[in-house]
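*Asks:* just the structure for this:
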Amino acid sequence: GAPGDDETGMSNCGAVYVHQLDASGASTSSWRLLGASRHASMAMGRSVSVDLTGTLVVGGAPVADPAGVGIDAGMATVWELSGGVWTPTDLVAPDRVAGEQLGTSACFASDGLSIALGAPLDAVGGVAGRGSVAVFSLGPAGWRMHDRLTISGGTSASRFGTSVAGCEDQIVVGAPRHTLPPGGAVRAYQAPPTCPRGTDSDGDGTDNCDDLCPSDPLKTSPGTCGCGVADTDTDSDGTANCNDPDDDGDGTPDVSDGCPLDGTKTSAGICGCGVPDADSDADGLTDCLGQGILAQLADVAPSDRLSGDDFGAALSMDGDVLAVGSPLDDVSGRTDAGSVRIFTRSGSSWTESALISAPDMAAHDRFGSSVSVWGDVLVVGSPRADLPGVTDAGAAYVYRRTGGVWTLEQKLVRSGVPGARAARRRADAPSARPSRCRPRCPRAPRRRRRRAAARPASRAHCRSCWPRCAGRRSAGRGRCRPRWRRTR
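*Replies:* Below is the predicted model of the structure:
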């Protein structure tokens, strides 16, 4: 993700870059993906996720402003690869509100047929910042919102949806500022079921998973009149028979009525035709989305978490293994050193199996700010780890599981010294301080020996301050090799 990328005339529009690698790790193809609809400062690419097939990519734009809503409602775009071309589809929640920042986190689940998008600043039930997660599913009609997940007992600082992780049958959501109990929380939910293929109920030759009218053998999509009703225009006036009257008696002709058989609605709204967009408990969610379609399966939490640990700030799941980061955890008296906890699943229950911290940890390293687990390999980010002479340079730690034990295999740091501040430190180090130098030619005839005026210079300048000997090697009498010495 590159959320600060600029598009023509649109600063910080954002983009997602995809690189295809061969078996040796070399890049064979690369693409720059943009949203179907975009504008300046939407920060597309703040979160990214790729499905297991490598043909679907989703990018979050949490500060996007979808039309008619307001600032920072957020959205996401999912791209599908076909024939070497990525086709974008924007995902916008029908119940979106300004400021919820949908797309802060994103992940695929159910073999790429579902996408979870975090909205950690969503004001659920009138409580600012409680947070939610919108779950979209792919069906015959394309991507549609399936459910909206919220956390029970949340406080104004829960930030539910800050992180999300998914696998075939579960979606795991982090709420690092949850206070009941204190220290953050992680919840596991049932993922939307995938469509079972191999059934053709109406015998029209189209699988139910791809048939928008699975019980109508004459239609595979609702068309003008809907499933079960032919799109017939007997009088050839350009209007189908079903749209000529006002079947629901709401005063709106069926031809312009989005819900021609629902007398209370003229558009599908949030819940669809035939279902009122009611919020009976005034919790900020319409009843059709607040029914808990996706059941909560487990509360994933350690017993010893404390307030301010930020447990759940980062998540990664692979099969029955879940890694949870607590970047503000105080370890061995070191404030905000950070830790990562590993949970294993049995049925629908998650049990803590390992607690991992950096062997060279220091206060404020924030180990666990990012995590990724795949098979027996775990990578943990520590963005404020110090390197020799460089503060907050950052590092990543690679662990490998052997016999159920996670062992540090390698510490990854960036080559070179990043940042202007580090460059200043390097410049101030005695070994790298510019010197006053003069070259001299040993063994050269006296008539050829010259001394350059001493002056401040870099090593490169010292080579040029006496051109005759600069850069030459000794090749016998009369030829010289320059020597560099500092002058006091």
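*Asks:* out of the helices and strands in this structure, which is least certain?
*Replies:* Across the helices and strands of the chain, mean confidence by mean pLDDT, DSSP states H and E is lowest for helix 420-428: a mean of 35.
*Asks:* can you give me the strands for the stretch 151-300 of the chain?
*Replies:* Taking DSSP state E, counting those that start in this stretch as the criterion, the stretch 151-300 of the chain carries its strands at 163-166, 170-175, 185-190, 296-300.
*Asks:* give me the contacts around the third one.
*Replies:* Strand 185-190 is touched from outside by 149, 151, 158, 160, 169-175, 178, 294-301, 311-312, 315, 322, 324, 348, 350, with contacts defined as CB atoms under 8 Å, 6 or more residues apart in numbering. C-beta here means a position set from N, CA and C on the backbone, and glycine is covered the same way.
*Asks:* could you report the pLDDT at Q296?
*Replies:* You'll see Q296 listed with a pLDDT of 67.
*Asks:* where does the prediction get shaky in the stretch 201-350 of the chain?
*Replies:* 210, 233-237, 241, 243-247, 254-255, 283-285, 289-298, 303 (pLDDT under 70).
*Asks:* same thing but at 80, please
*Replies:* 207-214, 220-226, 232-258, 260-261, 268-274, 279-299, 301-307, 348 (pLDDT under 80).
*Asks:* next one: the stretch 351-488 of the chain
*Replies:* Those would be 414-488, if you go by pLDDT under 80 across the stretch 351-488 of the chain.
*Asks:* hmm, V124 is touching S152, no?
*Replies:* No. Counting by CB atoms under 8 Å, S152 is not a contact partner of V124; they are 10.4 Å apart.
*Asks:* so which of these two has more stuff around it?
*Replies:* V124 (23 against 11; other CB atoms under 10 Å).
*Asks:* just give the closest residue to that one, not the sequence neighbours.
*Replies:* R130 (4.3 Å; CB to CB, 6 or more residues apart in numbering).
*Asks:* how about G4?
*Replies:* N12 (5.3 Å).
*Asks:* report the angle between the axes of the one helix or strand T344 maps to and strand 170-175?
*Replies:* If you go by DSSP states H and E, T344 is part of strand 339-346. Orientation check (axes from the mean of the first three to the mean of the last three CA atoms, to 10 degrees): strand 339-346 against strand 170-175 gives 150 degrees.
*Asks:* send me strand 339-346 as CSV with only the CA atoms.
*Replies:* The C-alpha coordinates for strand 339-346 follow below in CSV (Å, rounded to 0.1, in the frame of the first residue of the first chain):
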residue,chain,number,x,y,z
SER,A,339,5.1,-8.6,23.4
VAL,A,340,3.3,-11.1,21.1
ARG,A,341,1.0,-13.9,22.3
ILE,A,342,0.3,-17.0,20.3
PHE,A,343,-3.0,-18.7,20.5
THR,A,344,-4.0,-22.1,19.2
ARG,A,345,-7.6,-23.2,18.3
SER,A,346,-9.5,-26.3,19.3
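*Asks:* distance from the chain centre to it, please.
*Replies:* 21 Å (CA atoms, centre = their mean, to the nearest Å).
*Asks:* what sits up against it?
*Replies:* The contact list for strand 339-346 (CB under 8 Å, 6+ apart) reads 300, 302, 311, 320-326, 329, 331, 350-357, 367-368, 371, 373, 378, 380, 406.
*Asks:* what about W79, how many neighbours?
*Replies:* W79: 22 neighbours (other CB under 10 Å).
*Asks:* that one and G45, how far apart?
*Replies:* Look at W79 and G45: by CB to CB, to the nearest Å, they are 12 Å apart.
*Asks:* and T162, how far from A175?
*Replies:* T162 is 7 Å from A175, by CB to CB.
*Asks:* need the pLDDT of the residue nearest to V124.
*Replies:* Value for R130, per-residue pLDDT: 87.
*Asks:* what do you get for the one 5 residues further on?
*Replies:* Model confidence at V135, expressed as pLDDT, equals 88.
*Asks:* list the contacts for the closest residue to L328 other than its chain neighbours?
*Replies:* Nearest non-adjacent residue to L328, counting by CB to CB, 6+ apart: D310, 4.1 Å away. Each residue near D310 by CB under 8 Å, 6+ apart is listed here: 176-177, 183-184, 325-329.
*Asks:* if we can go back for a sec, what is in contact with W79 and G45 at once?
*Replies:* Joint contacts of W79 and G45 (CB under 8 Å, 6+ apart) are 16, 59.
*Asks:* G112 is in contact with T53, correct?
*Replies:* Yes. Here T53 reaches G112: they are 6.2 Å apart, a contact under CB under 8 Å.
*Asks:* neighbour count for the two, which is higher?
*Replies:* In terms of neighbours (other CB under 10 Å), G112 is the more surrounded of T53 and G112; the figures are 21 against 10.
*Asks:* show me which residues of the strand holding T344 are buried.
*Replies:* Using 16 or more other CB atoms under 10 Å as the test for burial, strand 339-346 gives 339-343, 345.
*Asks:* and the angle from it to strand 185-190?
*Replies:* Going by the same axes, to 10 degrees, strand 339-346 makes 30 degrees with strand 185-190.
*Asks:* neighbouring strands for strand 339-346, and are they parallel or not?
*Replies:* Strand pairing for strand 339-346, using DSSP bridges, gives strand 321-326 (antiparallel), strand 349-356 (antiparallel).
*Asks:* give me the next element, helix or strand, following the longest one.
*Replies:* Using DSSP H and E, the helix or strand that directly follows strand 349-356 along the chain is strand 370-374.
*Asks:* neighbouring strands - and their directions - for that following strand?
*Replies:* With DSSP bridges as the test, strand 370-374 pairs up with strand 377-382 (antiparallel).
*Asks:* below-threshold pLDDT in the stretch 51-200 of the chain: ranges please.
*Replies:* 66-70, 95, 109-113, 125-127, 139-141, 146, 152-157, 167-169, 179-183, 191-199.
*Asks:* tell me where the chain has helices.
*Replies:* Taking DSSP state H, the helices of the chain run over residues 420-428, 459-464.
*Asks:* T162 and A175: which has the busier surroundings?
*Replies:* Using other CB under 10 Å as the criterion, T162 and A175 rank with A175 on top: 29 against 25.
*Asks:* my read: that one touches V164, true?
*Replies:* No. Between A175 and V164 there is no contact under CB under 8 Å: 10.8 Å.
*Asks:* re earlier: nearest to G389 among the contacts of D310?
*Replies:* P327 (23.7 Å; CB to CB).
*Asks:* just checking, that closest one touches A314?
*Replies:* Yes. Using CB under 8 Å, P327 is in contact with A314, at 7.2 Å.
*Asks:* what is in contact with those two at once?
*Replies:* 368-369.
*Asks:* can you pull the contacts of the residue nearest to V18 when sequence neighbours are not counted?
*Replies:* Excluding its sequence neighbours, the residue lying closest to V18 (CB to CB, 6+ apart) is W31, at 4.7 Å. If a contact means CB under 8 Å, 6+ apart, then W31 has 17-18, 86 as its contacts.
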